[in-house]
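>>> Prediction below, plus the sequence it came from.
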Amino acid sequence: MSRPFSQLLSVIIKQHARGGLSSSHLLHFYNTVIRPALEYASPLWHPALTKSQIERLEAVQRRAIKIIFCYSSSTYLTTLELAGILSLQVRRVHLSKRFFRNICKPDNCLHHLLPPPRDLAVTSRLRKPTTYRRPSLRTKRYC
């Protein structure tokens, strides 16, 4: 019988918690082993996530945080703040922005995939100047 990935992760954390690891060690384990699995290649697939998929990913972190901090009565966001970590949604946005900034550097191997930058004379007259033209889309899914 196969278990969903989220249940498997919570079982792993519960076993470590039963083993007597402190909250700081469990949080370190989560940050080094589990969260990278949840964020693997996220700059590529993040824009295509549906709302339900975002909620399911966040539920994995919510469950892990609950186990790590012994089902504390404070809210999820408060517990995240106390733990010093960000929600997965915020991290995916940061990772995507950092990935794009790295691609914009001329020495990056993916830089040649970018369209040519806009002329400074054009961008200086725009209300929201961007270096690269946004792709025109037929739907509002990726907006």
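That came through, no problem.

>>> quick one, what contacts Pro117?
Thr131, Tyr132 (CB atoms under 8 Å, 6 or more residues apart in numbering). Bear in mind the C-beta positions are built from the backbone N, C-alpha and C, glycine included.

>>> and if you look at His46?
Arg92, Val93, Leu95, Ser96.

>>> Run the chain-centre distance for the helix or strand of the chain with the lowest mean pLDDT.
Every helix and strand in the chain was compared by mean pLDDT, DSSP states H and E; the lowest is helix 5-18, with a mean of 79. Here the centre of helix 5-18 is set off from its chain's centre by 20 Å, with CA atoms, centre = their mean, to the nearest Å.

>>> so after the helix or strand hosting Gln53, what's the next helix or strand?
In the assignment (DSSP states H and E), Gln53 maps to helix 51-68. Going down the chain from helix 51-68, the next helix or strand is helix 76-83, by DSSP H and E.

>>> pLDDT at the spatially most central residue of the chain, what is it?
Closest to where the C-alpha atoms of the chain average out (CA atoms, centre = their mean) is Arg92, at 2.5 Å. pLDDT recorded at Arg92 is 94.

>>> ok, back up a step: list the buried ones in the least confident helix or strand of the chain?
Ser6, Leu9, Ser10, Ile12, Ile13, His16, Ala17 (16 or more other CB atoms under 10 Å).
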